[in-house]
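> Fold the following.
(one chain, ligands or ions: 2)
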Amino acid sequence: EQTIDKIAAGEVVERPSSVVKELVENAIDAKATAITVEIKEGGTSLIRITDNGCGIEAAQIPIAFYRHSTSKIRKVEDLVRISSLGFRGEALSSIAAVAQVELITKTPEQFTGSRYLIEGGKEVSLAEIGAPNGTTFLVKNLFYNTPVRRKFLKSAQTEAGYVNDLMERIALSHPEISFKFINNGQIRLHTSGNGKLKDIIYHIYGRDIAANLLEIHAEYEGFSVDGFIGKPIIARGNRNFESYFINGRYIKSTLIAKALEDGYRGFMMQHKYPFTVLTISLDGTLVDVNVHPNKMELRFSNGEILYQQLAALLSTRLRESEL
Ligand code: ADP
Ligand code: MG
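Ligands and ions are numbered 1, 2, ... in the order given. Here you go, the predicted structure:
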C-alpha cells in the first residue's frame, strides 16, 4: 500500500508547487476566507498552509489520508471540481507518502483540535491539542524518502518562483479570499480578500498595467466571461501574463490561450500575447472536459464555439476601446 501511494504520488506531487496547489485548493474547498502559505528553501524543507475553513473532525483525519478518500461529492459534470478531477481523493495520501506531514485542525463544533503526524505514509500519532478553528498543514522534507525525485527539483529559488507564480494566479482567481504568501520569512503577496480583482492586479503587476485595463463582461449560451484584458500598449512577449480560470480553477488550455491570442492579433498584428485575467464560467452543456492527471492542461472535446466567441469578444472589446 505504501509503495502504491509512492507511485501515485508521482502523478500528483511533482514539486513543491504541486503540494501547495493541492493544499490551497483543499482550503478553498473548505470555505476558508483567509489562507496563508509559507515556504522555506523553495518548499523542499518546509511548506506550511493555514486556513480558517471548516476543519476536519478527529475521526475523519486518518480516513482523509487514505487513497481515493474524499468527502466531496463528484459528478462528471461537476465542473467546479475541474482541476482536481484527475486526483480524486489522492492529494493527501500522495503528499504524506513522500514527506513528513503534520496536521493541526479543528472544526467549529469540536471543543479541542487534533494533531496528526504521518511520515512516508506511516501514521505516527493522533492526539488532542488546543487549536483555532481551521486547518494547518506542515509538509516537511519533501521527497526525503525518494531521493531520485528530489534530484529532479530545480534550485530553491526556482522552486520558490513556481510557488510564487501559482499563488499569484490563485489570488487572482479568488479575490474574495485573503491570501498571504511568505517565502523564507518575507511576505511576497498579501491580498485583502475585498473581492476586487483590480486591486489584486494592481498589487501583483503594478500601476502601469492596472491603469491600462479593459473590463470584460459577456454572457453567452452555456458560458460567461468576466475580468480584465490589457490594452495593446501593455502587450507582453510571452504567455506569463495570460491568466484564465475556469469556474474558479487555475488551469491551462491551448484552445483558450489561442482564442485570446488570435482575438488580440485580429486587432493588432504586431502584438502577440495579451495581458489577461479572465474567469470563464461554464455550465457544462457546451463542452466535455478532460484533465490530464499530472498536468493542468484542459482539453475540450468540442471547443469550437468557445474559441470563436472568445476571440471575437477580445477583438470587439479592443476595437470599441479605441473609438
Ligand atoms: P479531495 O480534495 O479530492 O477530496 P484530498 O486528498 O485532497 O482529496 O483531501 C481528502 C479530504 O480531506 C477532503 O475530501 C476533505 O474532506 C479533507 N480535507 C483536506 N484538506 C482540508 C482542509 N484544509 N480543510 C478541511 N478539510 C480538508
Ligand atoms: Mg484535494
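
> switch to C-alpha atoms for all contacts and neighbour counts from now on
Noted.

> Show me the helices in this structure, by range?
Listed in chain order, the helices found in the chain under DSSP state H are 2-12, 16-29, 61-64, 91-97, 147-151, 156-173, 197-205, 207-210, 254-267, 304-322.

> average pLDDT for the third one?
Spelled out, it's helix 61-64. Confidence for helix 61-64, expressed as mean pLDDT, is 95.

> List the buried residues of that helix.
Using 16 or more other C-alpha atoms under 10 Å as the test for burial, helix 61-64 gives 61, 64.

> now do the last one
Taking 16+ other C-alpha under 10 Å as the basis for neighbour counts, the residues of helix 304-322 that come out buried are 306-307, 310-315, 317-318.

> pLDDT on that helix, on average?
Mean per-residue pLDDT for helix 304-322: 88.

> Only C-alpha atoms, please: export that helix in PDB.
Provided in PDB are the C-alpha atoms of helix 304-322 (Å, rounded to 0.1, in the frame of the first residue of the first chain):
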ATOM      1  CA  GLU A 304     -15.000  25.500 -31.400                       C
ATOM      2  CA  ILE A 305     -17.800  27.800 -30.100                       C
ATOM      3  CA  LEU A 306     -15.900  28.800 -27.100                       C
ATOM      4  CA  TYR A 307     -12.800  29.500 -29.300                       C
ATOM      5  CA  GLN A 308     -14.800  31.700 -31.700                       C
ATOM      6  CA  GLN A 309     -16.800  33.600 -29.100                       C
ATOM      7  CA  LEU A 310     -13.700  34.300 -27.000                       C
ATOM      8  CA  ALA A 311     -11.600  35.500 -29.900                       C
ATOM      9  CA  ALA A 312     -14.500  37.700 -31.200                       C
ATOM     10  CA  LEU A 313     -15.000  39.100 -27.700                       C
ATOM     11  CA  LEU A 314     -11.400  40.300 -27.400                       C
ATOM     12  CA  SER A 315     -11.100  41.900 -30.800                       C
ATOM     13  CA  THR A 316     -14.500  43.600 -30.400                       C
ATOM     14  CA  ARG A 317     -13.700  44.900 -27.000                       C
ATOM     15  CA  LEU A 318     -10.300  46.200 -28.100                       C
ATOM     16  CA  ARG A 319     -11.800  47.900 -31.200                       C
ATOM     17  CA  GLU A 320     -14.500  49.600 -29.100                       C
ATOM     18  CA  SER A 321     -11.900  50.900 -26.700                       C
ATOM     19  CA  GLU A 322     -10.100  52.700 -29.500                       C
END
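
> ok, of the buried residues of helix 304-322, which one's closest to ligand 1?
Ranked by distance to ligand 1 (C-alpha to the nearest ligand atom), the buried residues of helix 304-322 are led by residue 306 at 27.6 Å.

> Now residue 182. Nearest residue, chain neighbours left out?
Spatially, and ignoring its direct neighbours in sequence, residue 182 is nearest to residue 38 (4.6 Å; C-alpha to C-alpha, 6 or more residues apart in numbering).

> burial measure for the one you found, as a count.
Other residues near residue 38 number 23, with proximity taken as other C-alpha atoms under 10 Å.

> Throw the buried residues of helix 304-322 into a markdown table and include distance to residue 263, thanks.
As requested, these are arranged in a markdown table below (distance: C-alpha to C-alpha, whole Å):
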| residue | distance to residue 263 |
| --- | --- |
| 306 | 12 |
| 307 | 9 |
| 310 | 7 |
| 311 | 4 |
| 312 | 6 |
| 313 | 7 |
| 314 | 5 |
| 315 | 5 |
| 317 | 10 |
| 318 | 9 |
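
> so can I have CSV of those residues showing distance to ligand 1?
Formatted as CSV, the buried residues of helix 304-322 follow (distance: C-alpha to the nearest ligand atom, whole Å):
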residue, distance to ligand 1
306, 28
307, 29
310, 30
311, 33
312, 36
313, 34
314, 34
315, 38
317, 37
318, 39
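
> Let me have the helices of the chain in TSV, extended by distance to residue 43.
Converted to TSV, the helices of the chain look like this (distance: least, C-alpha to C-alpha, whole Å):
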stretch	distance to residue 43
helix 2-12	16
helix 16-29	5
helix 61-64	23
helix 91-97	13
helix 147-151	12
helix 156-173	7
helix 197-205	21
helix 207-210	30
helix 254-267	29
helix 304-322	37
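
> Could you identify which of those helices is most buried?
The densest packing among those, expressed as mean neighbour count by mean count of other C-alpha atoms under 10 Å, is seen in helix 91-97 with a mean of 28.

> That one: how far from the chain's middle?
Helix 91-97 has its average C-alpha position 17 Å from the chain's average C-alpha position, going by C-alpha atoms, centre = their mean, to the nearest Å.
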